[in-house]
Structure formats: C-alpha cells, structure tokens
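[1] Quick one, fold the following:
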Amino acid sequence: MTAFLLGTFGFPEVQADGRPIKLNLRKGLALLVYLAEAKGAVARDVIATLLWPETSSETARARLRRLLHRIELAVGEAIFETDRTSLRWSPAVELKIDSHLFESACDRGDFEEACEIYRGDFLAGFSPDDSAEFDDWAFFRREALRGRLVHALERLVQDKNAAGDHFAATVHAGRLVELDPLSEVYGRHLIRSLLLAGDRSAAERHHAALTQRLRDELGVAPEAETEALMGQATGPLLDAVPMTRYVKGAGVHLAYQTYGSGPLDILVMPGFVSHVERAWEHPASRTFLASLMKLGRLIVFDRRGIGLSDRVGSAPGIDVTAEDIGTVLRAADSRRVVLFGASECGPACVKFAVDHPSRVAGLILFGALAKGCWAPDYPHALRASQYDAWSKHLVAQWGGPVGIEAFAPSLANDPQARAWWAGLLRAASSPGGISAVLEAFRDADVRHLLAQIVVPTLVLHRRNDQAVRIAAGRDIASWIAGAQFVELDGHDHWFFAGDQQPVLDAIGRFMEALPRRSS
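    Model (predicted):
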C-alpha cells in the first residue's frame, strides 16, 4: 500500500512513500486537496462546479473524468474510488494531509508539534485557474487554520514563560508579531519574553520597532503598559501582568482572568466575540474594565470556540455558554456574582440567572436582545433574511474592521480603534467559526425565561444604538419583575465606546443598592 502525504501549508505538494510526485495540474492539485479535506465521498457535480464554474454541467463532468485519468497516470496507480455520482480518495490508500495533522495536534494540546507542522498559510500562493468557488473555500479554510495557529502560539508563550523556558517563548512570540505586527499584546509578549530571557538589547530593539510601526501606521504612541515593561526589572515581570488561566469544563479548556478584589464579583461577557487579553489593548475598553474593578473583583472569560478558549467544531449555544459560566465561576471560587451580559451574551446570562439564582447577586444586560431574529410577536430584531445578509457581509469582510460603523460610530474614524477591532476579530475567531456562532444566535430565544428571573436586574440601552434597537431593551425589561430600565444617550452599541460615565454611574448605583448577604 502506497503512503500518500499531502502538504497544504504553502503551495500544495504530493508525496508517495516519501518521494515527491510532480503534478503539473493545478486543478488536479485542487481536486486532491479538496477530496482529502472532505474526509469522504463528494458528489461529482459538486467537484465539477467547483473547478469549472463557468462551464456547462456536461462539459464539466467530461473534464472531470479526464482529470481523474491524468492524475492517476501521473501518480502511477489508482487512488480514487468512484461511482456514477461521487468520488473519493480510495480507502485502500494510506493518506495523510498536514492540515488534519495540525488540527489533531491542536486538539490534543500538543501545540509545539502543531506549530512545527504549520510552515505557511493554507494553500498560500496557489489558485486553480478560473475557479472562484474553490478560492472562496480555500480562503475560509485558510483563516480557520490561521486562527488555530494564533491560539496555539499564545498558549505556548504562556506555558513556556511559566515553565521558565523564556528563550522558547521568544520564538513563539516572534511568530505572533509576524502574524499581527500592530498588536501591542503580541508585541508585549515578545518584549516581556526577551526581558525574562535576559536579552534586554533585543527587547529594546523590538520595543523601538513596535513604537515605529504604531506611529507610522496608526499615528499613536505605545500604551503605558508597553512603556512600563522597559522600566521594570526582570524579576517581577510575570507578576506584573495578569495571568490567563484555564479551566476544563465539558471537555473544553476555557480561558479566563480575574482582576482585583471586593465583596462582589463582576463577570463581564462583551458580545459575540471576545479575547481576554486583547480586550485590554484598546484604551477605552481598558478604562471601562478598570473602572469596574473599583466596584468588585472582575472576571472575564472567552466562550468555547472564541478567543483563547479551545476551538470547537460547533457554535456555543445558550445552554452550553451558561454551563461554561458556571465552570469559570467555580474555578475563580466565586460566591456572589453580578453578571454583565452585553448584546448576544445577554441570553446566556439570563439562562444562568434563572438556573442559579442563589449564586447571582444581580444581572445587568446592556444592548441585549431576548430573541435573535424577528417574529410576528417580536418585531425588535432583524428578519431572518436580513440577519443572514448581515452575517454574510460580516463573514466576507472578516479580518478587517468590519461592522465598526454600526457597533461604535464614535470610534469608526479612529485608526487605532479600527486596527484593534480588526486584530481582535482575527485573534478571536475565523470566518467559518464566527459564521456558526452568528447562526446559533439567530435562532436563540430566551423570552420564556424572562418572567422567571428573580434576581435584581438592570437593563441598559443607548437610545440610538445602531446595532440593536432600543425597543429590544425595553421589551426585555418589561418582562422581568422589578427590572430597572435606563435609557442612555448615544449611538454606540459597545458599552465602552462613547460616553462611558453614564453607564458606569448606572452600574455603580445598581450595585450599591444590591441586598447585602448577612454574614
């Protein structure tokens, strides 16, 4: 049995029993990769349309038959199993594809092996002629794999520094900087690792280079946290930066952080994407979160499949996310918590508050909806067709600052905010991954739970929110017994954008009035 290896990181390559196979057929290479990625049979019509989209069905099928014959001639043996309607790699062939080997290494937590396998972006520089559909498929697959690489590198930087292997951490941090040169989070990873490794001169060079990039590309200076790194001795560096921790729940590792102290905990869930480290990278976001720390101990975490938490094959639904909230709260040893659920994360917080009222001191919903899309008895959201069109646009523009004009009009023309948002999107998910998340939220509905909420509740909504109508906030508050509803001025959907003070004041008054648990 011949052992075939498909290399997809970079320009595609084919090996048979360790020897390279020269296949001067771009569509042939595309076919081999697509079938290997599919892990099973694919309809002939699907392949024909993918490779010859502008050709008639009959002609495309004829070209496919000839292509299969030419591939097997070049390889020197029969490698396909076919019938009248479908084809696949033959089960008799021992086939490996490096993209699957990479994902398997990520799944079992062997991030070093995964990063060694990933030698370049998926099918980088490769495109079959006149096959736009194949190019689209390759783009989404490329972004998904790249997202997993970022996640693996971030985990390795943390793990290597924690183990004292600071030189290895600098190598992985360097790759992160190459992937996103404008990220101060990644820049600080590299500078900090170099300082811990004792190479201050290299740290100074990278600090200078980061400063230059930020000035040239964004017109901004480095943040205070970045500057402070160069003024610190190497000893307390690890303690100076809040550590991202992991807890395993239902087979998935969840990334979380805790900050500060106080009689109450505040768990913040910001919306459909998050990244526990990059959330602190934008000045307005950092200021808001730091202000919350004055009211209690802050807890932030990434839902499964998002940010630094494990990537999974399905979107996290409301029930699963509510379960993950409990997992993180147990790991943080939280006894009384105020849940702050913004936008799409509001429903999961509602679910947890209903299921575990004794653990919830209060519930705050900001710019939230009770249902993902329109219904005859729920006119406050987009119709399903409108939602799908918006989602499709978001996914198509993923990796750029897509949606910032609606989410944060006050920041839409700020180069630093646009770069931060684009970088956060790339680090938090991939186009394919976020598409599943958005689809799951479209079908979400917690209206039946609102009347069951017994904990003190505050509903906040900006009057001219461009992403979620204020009527959705009014509707939520109307169904929750005793809920306070506060209308705020402004157009921003993000809680930290625009004028933060009215938001923080409302939260402060709400938390001050919460019943104190008797000792």
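
[2] got the buried residues for whichever strand or helix holds T59?
    Using DSSP states H and E, T59 maps to helix 57-75. The neighbour-count check on helix 57-75 (16 or more other C-beta atoms under 10 Å) flags 60-61, 64, 67-68, 71, 75 as buried. Using the backbone N, CA and C atoms, a C-beta is placed for each residue, glycine as well.

[3] Following element in sequence after it, please.
    Next in sequence after helix 57-75, counting helices and strands by DSSP H and E, comes strand 80-82.

[4] Return the helix or strand that that next one is followed by as CSV; C-alpha atoms alone will do.
    Remark: after strand 80-82, the chain's next helix or strand is strand 86-89, criterion DSSP H and E. Provided in CSV are the C-alpha atoms of strand 86-89 (Å, rounded to 0.1, in the frame of the first residue of the first chain):
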residue,chain,number,x,y,z
SER,A,86,-19.5,10.6,-6.5
LEU,A,87,-15.8,10.1,-5.9
ARG,A,88,-13.3,10.0,-3.0
TRP,A,89,-9.8,9.0,-2.2
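
[5] Buried ones in strand 86-89, by neighbour count?
    For strand 86-89, using 16+ other C-beta under 10 Å, the buried residues are 87-89.

[6] coming back round to it: packing partners of the helix holding T59?
    helix 26-38, helix 44-51, strand 80-82 (3 or more C-beta pairs under 8 Å, 6 or more residues apart in numbering; DSSP states H and E).

[7] quick one: the strands in the stretch 251-400 of the chain?
    With DSSP state E, counting those that start in this stretch, the ranges of strands along the stretch 251-400 of the chain come out as 252-259, 265-269, 297-301, 337-342, 360-366.

[8] how much does the third one deviate in direction from strand 265-269?
    Using axes from the mean of the first three to the mean of the last three C-alpha atoms, to 10 degrees, the direction of strand 297-301 lies 30 degrees away from that of strand 265-269.

[9] what comes into contact with strand 297-301?
    254-262, 264-269, 274, 276, 279, 289, 292, 309, 324, 328-329, 332, 334, 337 (C-beta atoms under 8 Å, 6 or more residues apart in numbering).

[10] Let me see the mean pLDDT of that strand.
    Averaged over strand 297-301, pLDDT sits at 95.

[11] what's the angle from it to strand 252-259?
    With the same axes, to 10 degrees as the basis, strand 297-301 and strand 252-259 are set at 150 degrees to each other.

[12] quick one: strand 297-301 to chain centroid distance?
    18 Å (C-alpha atoms, centre = their mean, to the nearest Å).

[13] Parallel or antiparallel, list what pairs with it.
    If you go by DSSP bridges, strand 297-301 pairs up with strand 252-259 (antiparallel), strand 265-269 (parallel).

[14] Return the most buried member of those strands.
    strand 265-269 (a mean of 25; mean count of other C-beta atoms under 10 Å).

[15] what residues does it touch?
    Counting by C-beta under 8 Å, 6+ apart, 289, 292, 295-301, 303, 325, 328-329, 332, 334-342, 345, 348-349, 511 sit against strand 265-269.

[16] Please confirm that F167 is located within a strand.
    No - under DSSP: H, G, I helix; E, B strand; the rest coil, F167 sits outside any strand and is assigned helix.

[17] picking that back up, helix 44-51 and the helix holding T59, what's the angle between them?
    Using the same axes, to 10 degrees, helix 57-75 lies at 80 degrees relative to helix 44-51.

[18] quick one: low-confidence ranges for this structure?
    For the chain, the stretches flagged by pLDDT under 70 are 232-242, 313-314, 517-519.

[19] ok, 80 please
    Within the chain, the segments meeting pLDDT under 80 span 1, 231-243, 250-251, 311-316, 516-519.

[20] so what does the top helix by length along it touch, helix or strand wise?
    In the chain, assigned by DSSP state H, the helix with the most residues is helix 132-162. Helices and strands touching helix 132-162, by 3+ C-beta pairs under 8 Å, 6+ apart, are helix 26-38, helix 44-51, helix 98-107, helix 111-117, helix 166-179, helix 184-196, helix 415-428, helix 431-442.

[21] Any buried residues in it, and which?
    Within helix 132-162, the residues scored as buried using 16+ other C-beta under 10 Å are 134, 137-161.

[22] Please apply the same query to stretch 505-519.
    506-507, 510-511, 514.

[23] In CSV, list the buried residues of strand 86-89 along with distance to L214.
    Output for these, formatted as CSV (distance: C-beta to C-beta, whole Å):
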residue, distance to L214
L87, 51
R88, 50
W89, 48
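
[24] from the residues you listed, which single one is nearest K371?
    Distances from K371 to those, taken as C-beta to C-beta, are shortest for R88 (41.4 Å).

[25] chain center to stretch 336-349, what's the gap?
    Taking mean C-alpha positions (C-alpha atoms, centre = their mean), stretch 336-349 and its chain are 18 Å apart.

[26] what's the span of it, first residue to last?
    14 Å (C-alpha to C-alpha, to the nearest Å).

[27] Buried residues in it, which are they?
    Residues 336-349 are the ones in stretch 336-349 that count as buried (16+ other C-beta under 10 Å).
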